[in-house]
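*Asks:* Below are the sequence and a predicted model for it; my questions follow.
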Amino acid sequence: MAGNDDGNDLVKQHCKSSGTWEEQGISRRDFLKFCTAMSAVLALPVTLVPRIAEALEDDKRPSVIWLEFQSCTGDTEALLRAANPTVADIVLDVLSVDYAETIMAAAGFQAEAARHATMKARSGTYIAVVEGAIPTGANGAYCCIGGRSALDITREVCGGAMATITVGTCASYGGIPAAAPNPTGAVGVKDAVPGATVINLPGCPVNTDNLVATVVHLLTFGSPPATDGKGRPLFAYGKRIHDNCERRPHFDAGQYVEQWGDQAHRAGHCLYKMGCKGPETFHNCPSQRYNEKTAWPVSAGHGCAGCSEPHFWDSMTPLYKRLPNVPGFGIEATADQIGLGIAAATAAAFGIHGVVSALRKGNDSDDEKEG
Ligand code: SF4
């Protein structure tokens with residue numbers, strides 16, 4: 001409990017100062033609660049709460065250019081539905097979103113002028129946020145904005161940014177637009193602009209807490225958070241879903257849902273046999289959750305679809321078939337450590353869907369034998 005006391009002292013100490021947040025109608029208490037929540041998401045010690053507060057109180061708001069290409073707009077929706085802080089807090093107080101086609105008032109030439117003005121005035125210091133995949137086929141002709149291809153715009157905007165944050169799996173790795181046979185040649189930002197500093201926040205949609213925490217890290221430390229080999233921040237993607245899942249005790253006890261709606265399903269047992277991909281997926285869904293932290297797919301009774309992993313639509317489908325057995329990793333393993341094991345188990349699933357289907361069928365046979 002000593003840590004909590006220290007934390008309370010620090011919070012009280014910081015409460016003595018005043019700042020622009022109070023002037024804008026946000027109480028000091030709520031502001032510090034937000035800073036403390038961010039330190040928790042980032043897995044930082046509570047002693048850094050004052051430093052986070054200081055960074056967020058800096059008058060110089062970072063400019064953000066939010067690009068949207070091949071996407072369902074789910075990540076913009078997630079931002080607009082964000083509860084903590086509200087979208088108004090983010091947009092008006094922490095960030096200066098100077099270009100976001102879906103939510104900005106300007107359109108057409110005015111909008112493009114706003115983007116150019118921001119890039120010129122804030123070169124090397126603005127944050128680029130990308131939503132959606134970038135099509136590279138036919139010289140980028142599958143997605144054009146203002147007469148320019150998404151590929152051109154991505155290279156220009158991300159190439160001049162302090163850092164690029166990809167929101168959602170499509171911007172991170174190509175996502176569903178890149179699923180086989182990938183007719184538009186869709187790729188993620190890192191493949192489109194190999195030299196850019198990219199922080200991947202995959203998931204369908206992005207968890208806004210993770211987005212805000214990444215921005216807070218950039219503002220507080222001036223650098224991106226530590227990432228895994230797939231460019232994902234370790235604070236959010238360092239642990240397997242399976243290891244933090246509330247249904248894990250049922251997995252360990254061999255208590256599985258066998259049919260949708262059966263007694264085990266109603267009792268909240270493990271969804272492994274119904275196709276849950278939690279054992280191969282890294283994300284903090286079980287702790288951060290969605291909808292004001294009230295729910296995530298597994299708590300709602302549906303297995304994890306593996307949507308925060310690269311090429312999940314090819315490697316994790318069929319969604320309702322159980323995973324092949326993936327030996328050789330335990331609770332403490334990281335995504336990088338088990339990468340080879342998963343690659344072998346899914347048998348070059350990235351693009352070779354038939355092989356994976358065969359594996360799934362093999363496991364179905366095993367299930368039948370077990371049954
Ligand atoms: S529901 Fe999925 S993530 Fe949860 S314990 Fe079962 S297999 Fe693992």
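*Replies:* Yep, it's here.

*Asks:* chain center to the helix or strand hosting C35, what's the gap?
*Replies:* In the assignment (DSSP states H and E), C35 maps to helix 28-41. Using C-alpha atoms, centre = their mean, to the nearest Å, the mean C-alpha position of helix 28-41 is found 20 Å from that of the whole chain.

*Asks:* next one: stretch 185-199
*Replies:* On C-alpha atoms, centre = their mean, the centre of stretch 185-199 falls 16 Å from the chain's centre.

*Asks:* residues making contact with it?
*Replies:* With contact meaning C-beta atoms under 8 Å, 6 or more residues apart in numbering, stretch 185-199 is reached by 70, 130, 133-138, 142, 151, 154-155, 158-159, 161-166, 170-175, 177-178, 200, 214, 224-225, 227, 231-233. Every C-beta, even on glycine, is put in place using the N, C-alpha and C of the backbone.

*Asks:* Take those residues and keep only those in helices.
*Replies:* Judged by DSSP state H, those include L151, T154, R155, C158, G159, C170, A171, S172, Y173, T214 as members of helices.

*Asks:* If we check the ligand, which of those are in contact?
*Replies:* When contact is defined as C-beta under 6 Å from any ligand atom, those do not meet the ligand at all.

*Asks:* Smallest distance to the ligand belongs to which residue of the stretch 151-300 of the chain?
*Replies:* Nearest residue of the stretch 151-300 of the chain to the ligand: G278, at 2.3 Å (C-beta to the nearest ligand atom).

*Asks:* how near is that residue to Q263?
*Replies:* To Q263, G278 is 21 Å away according to C-beta to C-beta, to the nearest Å.

*Asks:* try V157
*Replies:* From V157 to Q263 the distance is 53 Å (C-beta to C-beta).

*Asks:* Then T227?
*Replies:* From T227 across to Q263, the span is 42 Å (C-beta to C-beta).

*Asks:* Compare those two and say which is more crowded by neighbours.
*Replies:* Higher neighbour count among T227 and Q263: T227, with 17 against 10, using other C-beta atoms under 10 Å.

*Asks:* Tell me the bridge partners for that one.
*Replies:* For T227, the beta-bridge partners are P233 (DSSP bridges).

*Asks:* list the contacts for it?
*Replies:* By C-beta under 8 Å, 6+ apart, the residues touching T227 are I199, N200, P233, L234.

*Asks:* and the end-to-end length of stretch 101-112?
*Replies:* Stretch 101-112 stretches 9 Å from its first residue to its last (C-alpha to C-alpha, to the nearest Å).

*Asks:* any idea how far that stretch is from the chain center?
*Replies:* The chain centroid and the centroid of stretch 101-112 are separated by 25 Å under C-alpha atoms, centre = their mean.

*Asks:* ok, residues contacting that stretch?
*Replies:* Residues external to stretch 101-112 that are found in contact with it (C-beta under 8 Å, 6+ apart): W66, E68, T73, T76, L80, V91, V97, Y99, A113, A114, I145, G146.

*Asks:* gap between the fifth one and the ligand?
*Replies:* Right, the one you point to is L80. In this view, L80 and the ligand are 29 Å apart by C-beta to the nearest ligand atom, to the nearest Å.

*Asks:* So what sits opposite the spatially most central residue of the chain in the bridge?
*Replies:* Ranked by distance to the mean C-alpha position of the chain (C-alpha atoms, centre = their mean), the top residue is L201 at 3.0 Å. On the basis of DSSP bridges, L201 is bridged to V167.

*Asks:* Now that we have the ones in helices among the contacts of stretch 185-199, which of them are buried?
*Replies:* The neighbour count (16 or more other C-beta atoms under 10 Å) marks L151, T154, R155, C158, C170, A171, S172, Y173, T214 as buried among the ones in helices among the contacts of stretch 185-199.

*Asks:* Make CSV out of these and add pLDDT.
*Replies:* Listed next are those as CSV, based on pLDDT from 0 to 100:
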residue, pLDDT
L151, 97
T154, 97
R155, 96
C158, 97
C170, 98
A171, 98
S172, 98
Y173, 98
T214, 92
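
*Asks:* so where's the stretch 151-300 of the chain uncertain?
*Replies:* For the stretch 151-300 of the chain, no stretch is flagged by pLDDT under 70.

*Asks:* Please, where are all the strands along it?
*Replies:* 163-167, 186-187, 198-201 (DSSP state E, counting those that start in this stretch).

*Asks:* Can I get the ones you listed in JSON lines including distance to the ligand?
*Replies:* As requested, the strands of the stretch 151-300 of the chain are exported to JSON lines (distance: least, C-beta to the nearest ligand atom, whole Å):
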{"stretch": "strand 163-167", "distance to the ligand": "24"}
{"stretch": "strand 186-187", "distance to the ligand": "28"}
{"stretch": "strand 198-201", "distance to the ligand": "20"}
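
*Asks:* could you dump those strands to a markdown table with distance to H250?
*Replies:* Formatted as a markdown table, the strands of the stretch 151-300 of the chain follow (distance: least, C-beta to C-beta, whole Å):
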| stretch | distance to H250 |
| --- | --- |
| strand 163-167 | 33 |
| strand 186-187 | 38 |
| strand 198-201 | 30 |
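
*Asks:* Around the ligand, which positions in the protein sit nearby?
*Replies:* Checking the chain against the ligand by C-beta under 6 Å from any ligand atom, the hits are 241-242, 245, 247-248, 251, 270-272, 276, 278-279, 298, 303-304.

*Asks:* If any of those are buried, put those into a ChimeraX selection.
*Replies:* Buried residues within the residues of the chain next to the ligand, by 16+ other C-beta under 10 Å, are selected in ChimeraX with:
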select :241,242,245,247,248,251,270,271,272,276,278,279,298,303,304
